[in-house]
Structures are given as structure tokens and as C-alpha cells.
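# whatever this is, show me its structure:
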Amino acid sequence: MTQTTADTIYQQYLDVATRLFWSKQWDDLAGLIVLPGAIHSPNGTYHVSTQSELIETFRTQHESLQRNGATEFHRICLRAEFDKHARHSITGVHKTYALNGGGYVVPPYENTMALTLEDGTWKANGIRSSVPNEVLSLHPLGSDLQADLNSGDAAR
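Model (predicted):
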């Protein structure tokens, strides 16, 4: 019996989510993310409570990538590990390459993401991106982010 590795599951998740993102299948993509959730960036933490907020976040990121000239991105798993106490949780790191043809539209950047197995489906359960919102909009700038920035959450 072959055992699936955390790296394999994490990369498969990235591949499916990327395909859904670029084909704008927002509802299907939202089904792969645990709510409520959070996106952490150098600018602060953006909290997402509802599917409509999450879909707006996808649209914001897609529009930002297009404004920067991106026609695709590749996300490559650098490493992933199962939680030591539960095989239903994975934490991994991946690098994102936003591309137009063969060239970068923004410098490649790393992300850390947690995955949780829920009802047989791996779902993202929090992401931390190293790219600032000024370079690539990962979330709409709204009151939630501003409140977190004012409270000092950006340092966490």
C-alpha cells in the first residue's frame, strides 16, 4: 500500500486551486477554503467571514494579477508536513511565480499555508504571504485590515 505524502497532497491542492482561480470558478474555489479565515501579509491580516467576502478577495487578486500583466501563475510546493499528532492537518510552504509568457510580472514570493481535511476534502485553513499588498493585491483594503493594522496585528 502506497502512502500519500504531505508534499503530494499540498501540491495537488495548489494545482486544483490554481486551475479554479484562473478559470474564475469562484464558488468551487471557495469550497476549498475554511471559513472564517484569514490572509496574513506584510500589511496586516485580512479576515474573511463569508463566501461573498472570499469571492471578492479572489476577484481582487485576479484583477491585480491582470493589471500587472500576469496571464498565469505557478505555485510550487517547497515543503509540507503532516501535523505530528493528526494526519488531517498539513502545514506547507510554496513559492508563487506570477508570469506573462516566460517572464515574471512580480518577483516570485513564498507563502505558508495550512490545509485541513474536512469531509474528505483538503481545504486551506489560513495563508501567510510574503508579498506586500502594494506589489500584488491579495485582499481588498477594507475596514477589517485597517483595524488590524491600527491594533498592531501586522507585526504578528
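# switch to C-alpha atoms for all contacts and neighbour counts from now on
OK.
# check contacts around the spatially most central residue of the chain.
Taking CA atoms, centre = their mean as the criterion, I127 is the residue nearest the geometric centre of the chain, at 5.3 Å. Contacts for I127 (CA atoms under 8 Å, 6 or more residues apart in numbering) come out as A38, I39, H40, N111, T112, M113, A114.
# neighbours of the fourth one, how many?
Residues near N111, counting by other CA atoms under 10 Å, number 19.
# now the helices for this structure?
Secondary structure of the chain (DSSP state H): helices at 6-22, 26-30, 51-67, 143-151.
# how about these, which one is nearest H88?
Smallest distance to H88 across the helices of the chain (CA to CA): 10.1 Å, for helix 6-22.
# how close does A80 sit to S89?
For A80, the distance to S89 equals 10 Å [CA to CA, to the nearest Å].
# cool, S52 as well?
Going from S52 to S89 by CA to CA gives 26 Å.
# out of those two, which sits in the more crowded spot?
Taking other CA under 10 Å, S52 and S89 do not tie; S89 has more neighbours (20 against 13).
# residues in contact with the more buried one?
Residues near S89 by CA under 8 Å, 6+ apart: F82, D83, A114, L115, T116, L117.
# the second one contacts T91, correct?
Yes. At 7.3 Å, D83 counts as touching T91 under the criterion of CA atoms under 8 Å.
# which one of the two is surrounded by more residues?
Applying other CA under 10 Å to D83 and T91 shows that T91 carries more neighbours, namely 21 against 14.
# beta partners of the more buried one?
E81, A114 (DSSP bridges).
# next up, the contacts around it.
Counting by CA under 8 Å, 6+ apart, T91 has contacts A80, E81, F82, D83, T112, M113, A114, L115.
# tell me how many other residues surround the last one.
Around L115 there are 26 other residues, counting by other CA under 10 Å.
# wait, it sits on A124?
Yes. Using CA under 8 Å, L115 is in contact with A124, at 4.5 Å.
# need the pLDDT of T50.
With respect to pLDDT, T50 has a value of 94.
# what sits against it?
Listed by CA under 8 Å, 6+ apart, the contact partners of T50 are L35, P36.
# ok, residues contacting stretch 52-71?
Under the criterion CA under 8 Å, 6+ apart, residues 21-22, 26-27, 30, 48, 98-101, 105-106, 136-140 lie in contact with stretch 52-71.
# alpha carbons of it, as PDB, please.
Taking Å, rounded to 0.1, in the frame of the first residue of the first chain, the C-alpha atoms of stretch 52-71 are listed here in PDB:
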ATOM      1  CA  SER A  52     -19.100  36.500  -0.700                       C
ATOM      2  CA  GLU A  53     -16.100  38.200   1.000                       C
ATOM      3  CA  LEU A  54     -13.900  35.400  -0.100                       C
ATOM      4  CA  ILE A  55     -15.100  35.600  -3.700                       C
ATOM      5  CA  GLU A  56     -14.400  39.400  -3.600                       C
ATOM      6  CA  THR A  57     -10.900  38.600  -2.400                       C
ATOM      7  CA  PHE A  58     -10.400  36.200  -5.300                       C
ATOM      8  CA  ARG A  59     -11.600  38.800  -7.800                       C
ATOM      9  CA  THR A  60      -9.300  41.500  -6.300                       C
ATOM     10  CA  GLN A  61      -6.300  39.200  -6.600                       C
ATOM     11  CA  HIS A  62      -7.200  38.200 -10.100                       C
ATOM     12  CA  GLU A  63      -7.600  41.800 -11.200                       C
ATOM     13  CA  SER A  64      -4.300  42.800  -9.600                       C
ATOM     14  CA  LEU A  65      -2.500  40.000 -11.400                       C
ATOM     15  CA  GLN A  66      -4.000  41.000 -14.700                       C
ATOM     16  CA  ARG A  67      -3.100  44.700 -14.100                       C
ATOM     17  CA  ASN A  68       0.400  43.600 -13.500                       C
ATOM     18  CA  GLY A  69       0.300  41.700 -16.900                       C
ATOM     19  CA  ALA A  70       0.000  38.100 -15.400                       C
ATOM     20  CA  THR A  71      -1.600  35.500 -17.600                       C
END
